[in-house]
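K.L.:
this one's sequence-less:
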């Protein structure tokens, strides 16, 4: 039979739906028994293709479509869950039990984590100075890059960022930062969420850190996360906590480890 | 080194808005409210992609409906360990739209002389939506790093909905070469866009 490389030559075509039906089925059959590297490649290329989709202008569906879809699912049965290969078989009922659901939502174990794919993720080991330079150089002002030691944390942060961008009411405000660079606040009141995209902020000494705040209408600050930026001063951060009506998002320079309340004036403050 | 420090306790705040993955898990439990929220979040993305491929708005809404019914039915089979919910949904959407393009055009000779440069992610320059601007620029920049032939193959296949054999005919190269270009091109895009496992 065909060797791995012959089969895997179709991975790109598969990810952009360019195979015909027979080839697609044959490729999926091959994939089911393929090695981890092959499956990871296909998953990565599928995710890459989804990013191509995210670059297309969204089109607002008609109200009729929404009503029709929601009416139809009310009487449409769901398929029974299939067993994931490594996991115990789920109940035969269509719905997952709460325990199964919990397992689904639980942070993945090491083995599963290897196979997991995430928006914007980059392996720590690859992000040496040179890699960082390449990654950051392609940004004209936006860097979709962030790292945390906890993979699941980045997974969540990246998903939260992607969702924020996708929110219908998402807005954006850019402001200059005292000391250099700019900060763009992206926020959605529908999601009660905001993120700040930093561009060219001044590098801080080791004993200082940028801290984010939600500042309410009364001027009371709530800590919303610590951000360490690379030398280029580019990066993004989805704020911890929830955005409330009337909040302003501020950034201050704090001692390493952060503060419970700001100890300096904000270098930038943007009303959401 | 790019490093992000988070306050775990707040990042996982129980009151925080749910992710698409969480919504999909609820949908798998038959939760119609979660489905409605998932629909509201992603339907404009799905319809945008389908319109890009099909052009016809009415037909695109029809296909979008099929896609969301498929999401409802198959939510039980979504495996979070294999990728994000948006990827799962957009992959399904792309395949459905491409199926429709091909079946709609099966009866006639598909015009493969259409300008290759037309197949780019369309984008309204006056768009106010920051996410599109950012994603569009990222993708354009990444596409710009491909060789011309890789880029043509990827754009024709993804945004044009053409099969590898159609792409081969359009670019006047063997099918095997198109496959190789698509793979090399997508791998390059993956690296440029920072997708990694």
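P.N.:
Nice, thanks for sending it over. The model shown is predicted, which means the values in this text are computed figures rather than measured ones.

K.L.:
any weak-confidence spans in the stretch 151-272 of chain A?
P.N.:
In the prediction, the stretch 151-272 of chain A carries residues with pLDDT under 70 at positions A:151-159, A:162, A:165-167, A:230-232.

K.L.:
Break down it into its strands, ranges please.
P.N.:
In order along the chain, the stretch 151-272 of chain A carries the following strands (DSSP state E, counting those that start in this stretch): A:171-176, A:182-188, A:193-199, A:208-215, A:221-228, A:235-238, A:248-255, A:268-271.

K.L.:
for chain B, same thing?
P.N.:
Listed from the start of the chain, chain B has strands (DSSP state E) covering B:3-5.

K.L.:
By residue count, tell me the biggest helix in it.
P.N.:
Longest among the helix segments of chain B by residue count, using DSSP state H, is helix B:32-54.

K.L.:
what's near enough to touch residue A:265?
P.N.:
When contacts are counted by CB atoms under 8 Å, 6 or more residues apart in numbering or on different chains, residue A:265 is found next to residue A:252. Where C-beta positions appear, they are placed from N, C-alpha and C, glycine not excepted.

K.L.:
Please report how far the residue nearest to the spatial centre of chain B lies from residue A:184.
P.N.:
Averaging the C-alpha coordinates of chain B gives a centre point, and the residue nearest to it by CA atoms, centre = their mean is residue B:90 (4.5 Å). With distances taken as CB to CB, to the nearest Å, residue B:90 is found 25 Å from residue A:184.

K.L.:
Below-threshold pLDDT in chain B: ranges please.
P.N.:
Screening chain B residue by residue with the criterion pLDDT under 70, one finds the ranges B:1-17, B:105-132, B:197.

K.L.:
any idea how it splits into domains?
P.N.:
Using automatic domain parsing, the domains assigned to chain B come out as B:4-115, B:125-193.

K.L.:
which residues in chain B form helices?
P.N.:
The residue ranges that make up the helices of chain B, judged by DSSP H, are B:8-11, B:20-28, B:32-54, B:57-74, B:85-105, B:130-143, B:148-158, B:164-171, B:175-193.

K.L.:
With distance to residue A:201 as added columns, please give those in CSV.
P.N.:
Formatted as CSV, the helices of chain B follow (distance: least, CB to CB, whole Å):
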stretch, distance to residue A:201
helix B:8-11, 22
helix B:20-28, 30
helix B:32-54, 31
helix B:57-74, 40
helix B:85-105, 29
helix B:130-143, 18
helix B:148-158, 33
helix B:164-171, 44
helix B:175-193, 23
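
K.L.:
Residue A:52: which of those helices is closest?
P.N.:
For these, proximity to residue A:52 was assessed by CB to CB; helix B:148-158 is nearest, at 5.2 Å.

K.L.:
Tell me which residues of that closest one come out buried.
P.N.:
Burial within helix B:148-158, assessed by neighbour count using 16 or more other CB atoms under 10 Å in any protein chain shown, is assigned to B:149, B:150, B:151, B:152, B:153, B:154, B:155, B:156, B:157, B:158.

K.L.:
Please determine how far the residue nearest to the third one when sequence neighbours are not counted is located from residue A:51.
P.N.:
For residue B:151, ignoring the flanking residues on the chain, the nearest one in space by CB to CB, 6 or more residues apart in numbering or on different chains is residue B:143 at 5.4 Å. Residue B:143 sits 11 Å away from residue A:51, going by CB to CB.

K.L.:
repeat for residue B:24
P.N.:
Going from residue B:24 to residue A:51 by CB to CB gives 19 Å.

K.L.:
Check residue A:5 too.
P.N.:
Taking CB to CB as the criterion, residue A:5 is separated from residue A:51 by 26 Å.

K.L.:
Neighbour count for those two, which is higher?
P.N.:
Between residue A:5 and residue A:51, residue A:51 has the larger neighbour count (other CB atoms under 10 Å in any protein chain shown), namely 24 against 7.

K.L.:
you'd agree that one is up against residue B:139?
P.N.:
Yes. If you go by CB atoms under 8 Å, residue A:51 and residue B:139 touch, sitting 6.5 Å apart.
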